[in-house]
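Asker: using only what follows, build the 3D model:
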Amino acid sequence: IAVAPSEPNWVYLVAVGANRGLFGENLFKSQKGIYKSIDSGATWSVVASTDPEGHPNILTSSLYGNGSGGQGNYDLCIAVAPYNADSIFVGGVNLWNSPDGGGTWNQIANWQTVWNNPTLAHVHADHHGLTFNNNTLVVANDGGVFTTDDGETFTNITTGLVNGQIYSMGLAQDTLGIASWGLQDNATQLQIENDITTFPGGGDGFETEVWGRSNHNDNVNNGVNSDDTFLAYHSTQNGNFYRSTNGGGWWGGCTENDILRMPVASYNGTDGTVNEKGQWQTPLLVDPNDPAHILIGKTKIYESMDYGQTFNTLPCAGLIENAPPYNNDKLLNHLERSWLNQDYFYATDKNQIFRSMDGGATFDDVTAGLPNKWISDIEVDDANPERVFISMSNYGAGEKVFVSVDAGSNWEDMSNGIPAVPVNCIYYREGYTDEIYIGTDIGVYKWNADAIPGIWEDFNLDMPNVIVMDIRIHNSTNEIYAATYGRSMWKAQLPVTH
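Answerer: As a prediction, this is how the structure comes out:
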């Protein structure tokens, strides 16, 4: 909804239909969806289209508004030019303008480079806010903040904002200064010392792991060799996975063309294979001692020993097979393995957790004793494969973190001290006894096992109250990293206590 600054009694409204496109959209057009009031909202009328077939579907992702549906439940905003009450701007996936009060609509920015219309501005997708600074239109979207004075040329003014929304991160233990992180609608980024680049591919960046130079096998046939500066695995929605290196070239401000990206798994292939569709954020495991050894969890667990060139399907008998009816997709949300004893697997589907003690051949449901809450993460004690921790995402009091000392046969609540906010991740510091960290919706908490009873304590260390989605610790530098959803990456120094 938007009020015309130059005509304060004029109010415009754009409405979304059940299919998330423009309200009333039928066969890509709508006679409804755009409304106007000239009496401060006392009465409303449909803004008629100059096209007899109706308005274009201005909420779809297509160039000409001829696509069905859209994302109006996620990205929807409207503004009116300050000195022209007939000039309306609407943001959905793309950005549109009407110069005549809604009668006609022109797309002024598209989320893709439009080769057959090179004059159309290329601006990041998914618009959430529109406002004016004098005559300058300010656009807020999933790519940051953009401005335009003429509706044709846009400037990205995001530089300097520390507002990355990170889902997951990887941290190279073998080489200092190398990290990767997956961003909401901004792909996956790689940092080597002070240089940051974005992997090709776009989309949402999810699970990622990264290594430096020292831990590669010299196998050119796998697209990985010991001269590469980095090796990274990264992913996008529903289980698209890639392996990237820089092809042995010097880093030096890497661009897309310097990165060799190879597909590992897709989401639109044959069911029962690694190329089937996975969860929105599909779990990935990489052996910390062998980066060629990876596992991907979808309806089953798929294992590769050659950097993702080929996969074997683990039998996984009993895994997800007894899920309740509302778990109709039956896809894994989280996957963990004991690297001390690789016979032990733990996997979750929403509020259920399964255990294998025979290398993934068979699984047992070990959910009994846990509350009916979403399981947000799994962590295994690096010194004991039967000691497993889980975190839960809920707003109630307690029931945030549970521990089992018998591989899930019994569970004990260890939520003392956690506020009534979701816990998103849990991390057990390698080589330390019960030094455990959790990421919550308001920051990082650390387990104090010396307190009686044990208690979680605030560990934000001058970090803002922000959602923390992932935690990693660099073992040699003793630095802890917190990947946040809205304030990018933070780190702090940990003491060496053993």
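
Asker: wait, isn't S356 in contact with N341?
Answerer: No. Look at S356 against N341 with Cβ atoms under 8 Å: they stay out of range, at 11.4 Å. Every C-beta, even on glycine, is put in place using the N, C-alpha and C of the backbone.

Asker: the more surrounded of those two?
Answerer: S356 (24 against 13; other Cβ atoms under 10 Å).

Asker: just grab the bridge partners of the more buried one for me.
Answerer: Beta bridges link S356 to F345, judged by DSSP bridges.

Asker: next up, the contacts around it.
Answerer: When contacts are counted by Cβ atoms under 8 Å, 6 or more residues apart in numbering, S356 touches 316, 319, 343-347, 362-364.

Asker: ok, then the element right after the helix or strand bottoming out on mean pLDDT in the chain?
Answerer: Of all helical and strand segments in the chain, the minimum by mean pLDDT, DSSP states H and E falls on strand 29-30, at a mean of 78. As assigned by DSSP states H and E, the chain's next helix or strand after strand 29-30 is strand 34-37.

Asker: convert the C-alpha atoms of that next one to CSV, please.
Answerer: The C-alpha coordinates for strand 34-37 follow below in CSV (Å, rounded to 0.1, in the frame of the first residue of the first chain):
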residue,chain,number,x,y,z
ILE,A,34,-4.3,-2.9,-8.7
TYR,A,35,-6.6,-0.6,-6.6
LYS,A,36,-6.9,3.1,-6.0
SER,A,37,-8.7,5.3,-3.5
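
Asker: which other helices and strands does that strand contact?
Answerer: strand 7-14, strand 45-46 (3 or more Cβ pairs under 8 Å, 6 or more residues apart in numbering; DSSP states H and E).

Asker: nearest to L295, of the ones you listed?
Answerer: strand 7-14 (45.3 Å; Cβ to Cβ).

Asker: quick one: buried residues of the closest one?
Answerer: 10-14 (16 or more other Cβ atoms under 10 Å).

Asker: do the same with stretch 407-426
Answerer: 407-408, 411, 414-415, 417-419, 421-426.

Asker: ok, which pair from those is furthest apart?
Answerer: Greatest spatial distance in these: A407 and P419, 29.6 Å, computed using Cβ to Cβ.

Asker: sorry, back to before: narrow the contacts of S356 to those that are buried.
Answerer: Buried residues within the contacts of S356, defined by neighbour count using 16+ other Cβ under 10 Å: 316, 319, 344-347, 362-364.

Asker: which one of these is nearest to H55?
Answerer: Among the buried ones among the contacts of S356, A347 lies closest to H55 (Cβ to Cβ), at 47.2 Å.

Asker: quick one, what contacts the closest one?
Answerer: 283, 297, 301, 319, 332, 334-336, 353-354, 356, 363, 378.

Asker: same deal with W447?
Answerer: By Cβ under 8 Å, 6+ apart, the neighbours of W447 are 414, 434-438, 454-457.

Asker: just give me the closest of those to K36.
Answerer: Checking the contacts of W447 one by one against K36 (Cβ to Cβ), the nearest turns out to be I438, at 50.0 Å.

Asker: which residues touch that closest one?
Answerer: Shown in contact with I438 (Cβ under 8 Å, 6+ apart): 391, 400-401, 418, 423, 425-427, 444-445, 447, 456, 471.

Asker: in a markdown table: these, plus pLDDT and secondary structure.
Answerer: Shown next, in a markdown table, are the contacts of I438 (pLDDT from 0 to 100; DSSP: H, G, I helix; E, B strand; the rest coil):
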| residue | pLDDT | secondary structure |
| --- | --- | --- |
| S391 | 98 | strand |
| K400 | 98 | coil |
| V401 | 98 | strand |
| I418 | 97 | coil |
| V423 | 98 | strand |
| C425 | 98 | strand |
| I426 | 98 | strand |
| Y427 | 98 | strand |
| V444 | 98 | strand |
| Y445 | 98 | strand |
| W447 | 96 | strand |
| W456 | 97 | strand |
| I471 | 98 | strand |
